[in-house]
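Novice: Mind folding the following:
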Amino acid sequence: MSAFPEPFSFVTLDACHQQMQMHLAELAALVRQMETSGVDAKAQHQAGAIEAFFSSTARQHHAEEEKNVFPPLLLSGNADLVAAVHALHQDHGWIEENWIELGPQLRAIALGNNWFDADEFKHGAEVFVALCQEHIALEEALVYPEAKARLAQAMASRSKRAP
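Specialist: As a prediction, the model looks like this:
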């Protein structure tokens, strides 16, 4: 039995992971640039794009995982898989908590403001990048392959039952 909605595809989720990796790399580059150039037009543009992505697309991605990917895996009976899903769910909370502090700093940079503490911004960005990268790695190494296999099984079963 599968709890995956019909139709369901991992194409968008996989593409979002690629976009996340790109934006995380841009965030790391922004931190380096801020150390040498401060808030300039390039930093403003980068900060705006990063903030917009993680405030919308990334949050929607996590909601999609919580709604459609995690529930069938929690019912799997596989203790390691269930523990991984619980860890990923907890990560979503930590990512959101870190974003609540980092997002306004990026908005400030995008607007050309300098009210934030540069060291705090650097630390927050480094923590956010590391957390997101570890999160994506666990999803791609264990959870997504298992979910994709279960989805393929469910689709095969459905096609066998269809007249």
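
Novice: Output the below-cut-off pLDDT ranges for this structure.
Specialist: 1-8, 159, 161-163 (pLDDT under 70).

Novice: Would you map the helices across it?
Specialist: Taking DSSP state H, the helices of the chain run over residues 11-37, 41-55, 57-64, 70-74, 79-110, 118-138, 144-161.

Novice: now for the last one, which elements pack on it?
Specialist: Okay, so that is helix 144-161. Packed against helix 144-161 by the contact rule (3 or more Cβ pairs under 8 Å, 6 or more residues apart in numbering; DSSP states H and E) you find helix 70-74. Where C-beta positions appear, they are placed from N, C-alpha and C, glycine not excepted.

Novice: And the helix it packs on, what does it pack against?
Specialist: Short answer (3+ Cβ pairs under 8 Å, 6+ apart): helix 70-74 packs on helix 79-110, helix 144-161.

Novice: if we go to 6 Å?
Specialist: If contacts are counted by 3 or more Cβ pairs under 6 Å, 6 or more residues apart in numbering; DSSP states H and E, helix 70-74 sits against helix 79-110.

Novice: List the buried residues for the helix it packs on?
Specialist: By neighbour count on 16 or more other Cβ atoms under 10 Å, the buried set for helix 79-110 is 81, 84-85, 88, 91-92, 95, 98-99, 102-103, 105-110.

Novice: ditto for stretch 39-51
Specialist: Under 16+ other Cβ under 10 Å, the buried positions of stretch 39-51 are 39, 43, 44, 46, 47, 49, 50, 51.

Novice: would you list those residues in JSON lines and tack on distance to residue 160?
Specialist: Shown next, in JSON lines, are those (distance: Cβ to Cβ, whole Å):
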{"residue": "39", "distance to residue 160": "60"}
{"residue": "43", "distance to residue 160": "56"}
{"residue": "44", "distance to residue 160": "56"}
{"residue": "46", "distance to residue 160": "50"}
{"residue": "47", "distance to residue 160": "51"}
{"residue": "49", "distance to residue 160": "46"}
{"residue": "50", "distance to residue 160": "46"}
{"residue": "51", "distance to residue 160": "47"}
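
Novice: closest to residue 115 among those residues?
Specialist: Taking Cβ to Cβ as the measure, residue 115 lies nearest residue 39 of these, at 10.5 Å.

Novice: Tell me how far the residue nearest to residue 143 when sequence neighbours are not counted lies from residue 67.
Specialist: Leaving out its chain neighbours, the residue that sits closest to residue 143 by Cβ to Cβ, 6 or more residues apart in numbering is residue 84, at 5.8 Å. Distance check for residue 84 against residue 67: by Cβ to Cβ, to the nearest Å, it reads 18 Å.

Novice: Many thanks, have a good one.
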